[in-house]
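In: how would this look folded up:
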Amino acid sequence: MKGKFIRMCSILAATAALSYGCGEAAAPLAPEQPANGLVGDVLGIVTEVLTPVTVLQRTAPLARDISVSEEIGKDGGTIEIREAGIKVIFPKNALAPPKSKKEVTITVTALKGDDVAYTFQPHGIEFREPVRIEQEFKGTNAERNKALIASLEGAYFPSVNYLDPLRGIANVLEFRPTSMDVSGSKVKFTVDHFSGYLIASGRQR
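Out: This is a model prediction of the structure:
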């Protein structure tokens, strides 16, 4: 009986080695997002701490993604999506284009649906000077709602997989210093790199 067990283990080991050597390399596993707000890698090591938030909602959902691209150089510039109420302002020297180019193509995308959420490209680009994002209250649930305005925060999410548009919630990794321009009816915050940003209207407990 012991001999059969040893032979069986040897066969299984050889089969596993053959499969590993002949097959394609396995793709990395994406981190799961458990309910406790901790994201771990495949070894169970905590790599990110997520905060669930309620996302500010539009009074009329966007029927489709809306993208606007502009060439931004050392002199700075502005990108605006009027349908979504967002303006992105690049100060002078915020960008350092590659030596072969004088400008960098920056793309801002307002995500379809009710969430006031956006993605920015190139993903991961960093800035020498803070880039300011301004979001109008008009067209959102914050319009003429002082209590809701007081709770607004700019927040960073790595990808759209962190959003739950059906429930109007999201998991975010970072909150940005945020200010309210009540006279101008907008919320403002700065960012130092690009990925995804949204307007949170409350942190969930």
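In: these two touch, right, Gly196 and Pro158?
Out: Yes. In this structure, Gly196 is within contact of Pro158 by C-beta atoms under 8 Å, at 6.6 Å. Bear in mind the C-beta positions are built from the backbone N, C-alpha and C, glycine included.
In: Between the two, point out the one with more neighbours.
Out: Gly196 (23 against 16; other C-beta atoms under 10 Å).
In: For that one, name its beta-bridge partners.
Out: For Gly196, the beta-bridge partners are Thr119, Phe157 (DSSP bridges).
In: tell me the contacts of it?
Out: Residues near Gly196 by C-beta atoms under 8 Å, 6 or more residues apart in numbering: 117-120, 156-160, 162.
In: hmm, try it at 10 Å
Out: 109, 111, 117-120, 123, 155-163, 170, 172-173 (C-beta atoms under 10 Å, 6 or more residues apart in numbering).
In: Ok, Gly77 next?
Out: By C-beta under 10 Å, 6+ apart, the neighbours of Gly77 are 70-71, 88-92, 94-95, 103, 106.
In: now do 7 Å
Out: Residues near Gly77 by C-beta atoms under 7 Å, 6 or more residues apart in numbering: 70, 90.
In: what helix or strand is it on?
Out: Element membership for Gly77, per DSSP states H and E: strand 77-81.
In: what mean pLDDT would you report for that strand?
Out: The average pLDDT for strand 77-81 rounds to 97.
In: Toward the C-terminus, what is the element adjacent to it?
Out: Trace forward from strand 77-81 with DSSP H and E and the next one is strand 86-90.
In: Quick check: can you name the pairing partners of that following strand and their directions?
Out: Each strand paired with strand 86-90, and its direction, by DSSP bridges: strand 77-81 (antiparallel), strand 126-136 (antiparallel).
In: secondary structure class for Ala147?
Out: Three-state call for Ala147 (DSSP: H, G, I helix; E, B strand; the rest coil): helix.
In: I'd like to know how far it sits from Ala60.
Out: For Ala147, the distance to Ala60 equals 22 Å [C-beta to C-beta, to the nearest Å].
In: Would you mark the buried spots in the strand holding Gly77?
Out: In terms of neighbour count (16 or more other C-beta atoms under 10 Å), strand 77-81 has its buried residues at 77, 79, 81.
In: want to throw these into a markdown table with distance to Arg128?
Out: Converted to a markdown table, the buried residues of strand 77-81 look like this (distance: C-beta to C-beta, whole Å):
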| residue | distance to Arg128 |
| --- | --- |
| Gly77 | 15 |
| Ile79 | 18 |
| Ile81 | 24 |
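In: ok, so of those, who is nearest Thr51?
Out: Of all the buried residues of strand 77-81, Ile81 has the smallest distance to Thr51: 26.1 Å, by C-beta to C-beta.
In: Just the buried residues of the host helix or strand of Pro61, please?
Out: Pro61 is part of strand 57-62 when elements are defined by DSSP H and E. Applying a neighbour-count criterion of 16+ other C-beta under 10 Å, one finds 57-58, 62 buried in strand 57-62.
In: and which of those is nearest to Asn141?
Out: Closest approach to Asn141 among the buried residues of strand 57-62 (C-beta to C-beta): Gln57, at 4.9 Å.
In: Show me what that closest one bridges to in the sheet.
Out: Asp115.
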